[in-house]
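Novice: from the sequence below, what's the structure:
(one chain, ligands or ions: 1)
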Amino acid sequence: MRIDVITIFPGYLAPLREALLGRAIGAGLVDLAVHDLRSWTRDVHQAVDDSPYGGGPGMVMRPQVWGEALDAVLALDERPARIVVPTPAGRPFTQATAQAWTGEERLVFACGRYEGIDQRVVDDARRRDLPVDEVSIGDYVLVGGEVAVLVMVEAVVRLLPGVLGNPASAQQDSFSDGLLEGPAYTRPEVWRGLAVPEVLRSGNHAKIARWRRDRALERTAQRRPDLLAALPEDALDDADRAF
Ligand SMILES: O[C@H]1NC=Nc2ccccc21
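Specialist: Model (predicted):
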């Protein structure tokens, strides 16, 4: 998978070259290219935004700069690309989105400031039949899209074959079965007087699986009843319902 990020803060994307993602890049599983939007400005001030038509606070990013930047970046590689625009006004980015994007040959992320990019940039891309997703990582206010890109790239790349040491963990993590993960423990057996739950040291794998499922159901019911309500009918068996 090739990933391009267009931003006025290229340094913000440096973490993508660390740790797991850095290794995925090193292993050739992901190609990452970060582009400075200002490269496509033409004025001495390298202006990338301007006041909003209709008034109001903040600034809106200029269509000319973004149009040239996207055209240039798309032309760098012939692989078909999905354009992703992080915005608080976007559809929610979920694990399902991350899973779906693993099928893409190329993702091009357009990082805008909070007030957004002139809507005609997205409209122009769509009328040229380029796939464009406007997505939000959550209902809170960030200053720009860069942090959202870090989140989404990590969520997608960890699912790519060969990236995680143990592919099973990608299947067993929270949200993959619709429930939150329950509590986890490691050595020592007792720490500051707190013992690891006995069942986890019993070696009885059926009991352990049941206990873990019950803790996941309990935690999901307490913290995310919306997830429980969204589970498909057949997701809970009789033992689950008994819980
Ligand atoms: O993902 C969004 N969540 C909240 N604020 C944002 C600001 C700029 C881009 C994207 C977002």
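Novice: helix/strand/coil for the most centrally placed residue in the chain?
Specialist: Note on the chain: the residue nearest the mean C-alpha position is residue 152, at 1.9 Å, using CA atoms, centre = their mean. Classification of residue 152 using DSSP: H, G, I helix; E, B strand; the rest coil returns helix.
Novice: for it, give me its contacts.
Specialist: Taking CB atoms under 8 Å, 6 or more residues apart in numbering as the contact definition, residue 152 lies against 84, 86, 93, 97-98, 101, 109, 135, 137. Where you see a C-beta, it was placed from the backbone N, CA and C, and this is true even at glycine.
Novice: including neighbour count and secondary structure, could those go into CSV?
Specialist: Putting the contacts of residue 152 into CSV (neighbours: other CB atoms under 10 Å; DSSP: H, G, I helix; E, B strand; the rest coil) gives the following:
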residue, neighbour count, secondary structure
84, 29, strand
86, 24, strand
93, 21, coil
97, 17, helix
98, 19, helix
101, 22, helix
109, 25, strand
135, 20, strand
137, 22, coil
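Novice: with distance to the ligand as added columns, please give those in JSON lines.
Specialist: JSON lines is the format used below for these (distance: CB to the nearest ligand atom, whole Å):
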{"residue": "84", "distance to the ligand": "10"}
{"residue": "86", "distance to the ligand": "4"}
{"residue": "93", "distance to the ligand": "7"}
{"residue": "97", "distance to the ligand": "12"}
{"residue": "98", "distance to the ligand": "14"}
{"residue": "101", "distance to the ligand": "15"}
{"residue": "109", "distance to the ligand": "10"}
{"residue": "135", "distance to the ligand": "7"}
{"residue": "137", "distance to the ligand": "4"}
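Novice: just those residues now: which is nearest residue 6?
Specialist: Of all the contacts of residue 152, residue 6 sits closest to residue 109, with 7.0 Å by CB to CB.
Novice: from residue 94, how far off is that closest one?
Specialist: In this view, residue 109 and residue 94 are 17 Å apart by CB to CB, to the nearest Å.
Novice: so where do the strands sit in the protein?
Specialist: Here the chain has its strands, by DSSP state E, at 2-7, 31-36, 49-50, 60-61, 82-92, 106-110, 132-136, 190-191, 194-195.
Novice: residue 164 reaches residue 29, doesn't it?
Specialist: No: using CB atoms under 8 Å, residue 164 is not in contact with residue 29, being 10.6 Å away.
Novice: might one say that residue 161 is in contact with residue 103?
Specialist: No: the criterion here is CB under 8 Å, and residue 161 misses it with residue 103 at 11.6 Å.
Novice: coming back round to it: possible to save the strands of the chain as TSV with mean pLDDT?
Specialist: Converted to TSV, the strands of the chain look like this (pLDDT from 0 to 100):
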stretch	mean pLDDT
strand 2-7	98
strand 31-36	97
strand 49-50	96
strand 60-61	96
strand 82-92	97
strand 106-110	98
strand 132-136	98
strand 190-191	98
strand 194-195	98
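Novice: could those strands go into a markdown table alongside distance to residue 223?
Specialist: Output for those, formatted as a markdown table (distance: least, CB to CB, whole Å):
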| stretch | distance to residue 223 |
| --- | --- |
| strand 2-7 | 32 |
| strand 31-36 | 34 |
| strand 49-50 | 39 |
| strand 60-61 | 37 |
| strand 82-92 | 17 |
| strand 106-110 | 30 |
| strand 132-136 | 21 |
| strand 190-191 | 24 |
| strand 194-195 | 21 |
